[in-house]
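A.B. asks: return atomic coordinates for the entry below.
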Amino acid sequence: MDAIRCESLCKNFGNLRAVDQLNVSVEQGSTFGFLGPNGAGKTTTLRLLTGLTNPTSGQMWVAGEDVSSRPMDLRSKVGYLPESPSFYGWMKGREFLLFTASLYGIDPAKARDRVEQLLDQVDLTDAGGRLIKGYSRGMLQRLGLAQALIHQPQVLFLDEPASALDPMGRRDMLETIAALKGETTVFVSTHILSDVERVCDHVAIINRGKMVASGTIDEIRSSQHGSTFKIEVEEDPAPLASLLGGREWLTSMEGSTQGDRHLFRVAVSDMDTAKKELPRLVYESGLTLLHYELAQASLEDVFVDLVTEGEVGE
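C.D. replies: Residues are numbered from 1 along each chain as shown. Below is the predicted model:
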């Protein structure tokens with residue numbers, strides 16, 4: 001069952017279409033990365049999915065609720081951390097979370113236990129008794145995450161949760177998000193590729209309001225760039241080229257010589273099959289293997305290619 005689904009989702013602001021025919025499916029329990037450059041429509045999509053703004057057209061469902069109908073039940077099923085959360089600075093961290101719990105109607109005794117659990121989870125136990133106005137940016141982000149989790153939501157939306165944090169703060173935030181896997185469905189909107197690679201199992205890339213790629217990170221890498229194996233041998237790789245000829249999973253092959261080393265590049269369309277067959281074919285060729293490496297495109301390579309397509313000449 002999908003925890004999040006939207007179909008042909010559009011949002012216009014005057015003549016500007018911020019979200020354009022967007023189709024997204026997020027499996028229950030997954031950690032989903034929503035990637036795009038600044039201005040791509042990520043935050044607008046989050047506001048649509050959380051019911052904070054209405055779509056121009058299209059449909060969307062979150063945690064089994066039709067968001068377009070603005071159901072009250074949706075509020076108890078989702079948590080939301082905006083990019084720059086705001087708090088009552090005169091409150092203490094623990095006090096603020098207890099106040100938030102009361103807004104959700106959580107029993108006071110259970111709320112106290114839940115607050116202590118969350119303060120420990122986001123590493124704010126010691127700071128829970130201090131005024132929020134004295135918190136650092138990283139502490140505010142972690143408090144915002146605790147607030148979004150207080151009612152144990154089925155779906156958690158995070159908008160650029162680590163973009164303004166220092167390296168230590170980012171590490172702590174990502175570790176906390178990673179620990180949520182299996183506890184709730186997490187939808188992370190960001191433009192920081194390394195964060196997505198660390199914590200997400202599925203990714204969608206949006207540009208100018210349109211979906212340009214979706215799938216696992218490996219699927220996106222392979223679909224855009226394929227995979228290339230680099231093989232170095234002592235002898236002329238012609239025997240290996242002969243064995244590879246006609247393989248259905250072979251896309252291209254080329255060789256070059258560097259001194260007494262022969263480099264052979266093999267591009268494939270089916271990485272799983274190639275992983276199994278290539279070592280066997282190298283052995284059967286009788287060549288002396290010096291180096292064997294799978295060279296995949298990075299997520300950054302794919303991202304840059306996708307978001308810059310069509311920009312030349314505009």
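
A.B. asks: contacts and neighbour counts: CA atoms only from here.
C.D. replies: Noted.

A.B. asks: assign a three-state SS to residue 87, would you?
C.D. replies: coil (DSSP: H, G, I helix; E, B strand; the rest coil).

A.B. asks: ok, how many other residues are close to the nearest residue to it once chain neighbours are set aside?
C.D. replies: Distances taken as C-alpha to C-alpha, 6 or more residues apart in numbering place residue 132 nearest to residue 87, at 7.4 Å, with adjacent residues excluded. Residues contacting residue 132 under the criterion other C-alpha atoms under 10 Å number 22.

A.B. asks: got the contact list for residue 132?
C.D. replies: 87, 88, 89, 90, 91, 92, 93, 140 (C-alpha atoms under 8 Å, 6 or more residues apart in numbering).

A.B. asks: out of those, which are buried?
C.D. replies: Buried subset of the contacts of residue 132 (neighbour count, 16 or more other C-alpha atoms under 10 Å): 91, 92, 93, 140.

A.B. asks: just these now: which is nearest residue 18?
C.D. replies: When the buried ones among the contacts of residue 132 are ranked by distance to residue 18 (C-alpha to C-alpha), residue 140 comes first, at 28.9 Å.

A.B. asks: any idea how far residue 89 is from the closest one?
C.D. replies: 10 Å (C-alpha to C-alpha, to the nearest Å).

A.B. asks: returning to what we had before: which of the contacts of residue 132 sit farthest apart?
C.D. replies: Largest pairwise distance in the contacts of residue 132, by C-alpha to C-alpha, is 13.6 Å, between 90 and 140.

A.B. asks: let's have the contacts of residue 132 in TSV, adding pLDDT.
C.D. replies: Listed next are these as TSV, based on pLDDT from 0 to 100:
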residue	pLDDT
87	93
88	92
89	93
90	96
91	96
92	96
93	96
140	91
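
A.B. asks: how far away is the most centrally placed residue in the chain from residue 68?
C.D. replies: A centroid search over the chain (C-alpha atoms, centre = their mean) returns residue 33, at 1.7 Å, as the residue closest to the centre. Residue 33 sits 23 Å away from residue 68, going by C-alpha to C-alpha.

A.B. asks: in the chain, which helix or strand is least confident?
C.D. replies: helix 217-225 (a mean of 72; mean pLDDT, DSSP states H and E).

A.B. asks: so residue 137 makes contact with residue 166?
C.D. replies: No: using C-alpha atoms under 8 Å, residue 137 makes no contact with residue 166, being 9.1 Å away.

A.B. asks: who has more neighbours out of these two?
C.D. replies: Each of residue 137 and residue 166 has its neighbours counted (other C-alpha under 10 Å); residue 137 has more, 16 against 12.

A.B. asks: helices of the stretch 151-300 of the chain, residue ranges please.
C.D. replies: Counting by DSSP state H, counting those that start in this stretch, the stretch 151-300 of the chain has helices at residues 167-178, 193-199, 217-225, 238-244, 271-285, 299-308.

A.B. asks: with the stretch 1-150 of the chain instead?
C.D. replies: According to DSSP H, counting those that start in this stretch, the helices that the stretch 1-150 of the chain contains are 42-49, 73-77, 93-103, 108-121, 137-149.

A.B. asks: redo these as JSON lines? Include distance to residue 185.
C.D. replies: Formatted as JSON lines, the helices of the stretch 1-150 of the chain follow (distance: least, C-alpha to C-alpha, whole Å):
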{"stretch": "helix 42-49", "distance to residue 185": "14"}
{"stretch": "helix 73-77", "distance to residue 185": "11"}
{"stretch": "helix 93-103", "distance to residue 185": "20"}
{"stretch": "helix 108-121", "distance to residue 185": "17"}
{"stretch": "helix 137-149", "distance to residue 185": "11"}
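
A.B. asks: tell me which residues form a beta bridge with residue 294?
C.D. replies: Beta-bridge pairing for residue 294 (DSSP bridges): residue 229.

A.B. asks: and it, how far from residue 266?
C.D. replies: Counting by C-alpha to C-alpha - residue 294 and residue 266 are separated by 10 Å.

A.B. asks: out of the two, which sits in the busier spot?
C.D. replies: Between residue 294 and residue 266, residue 266 has the larger neighbour count (other C-alpha under 10 Å), namely 20 against 15.

A.B. asks: this completes my enquiry, with thanks.
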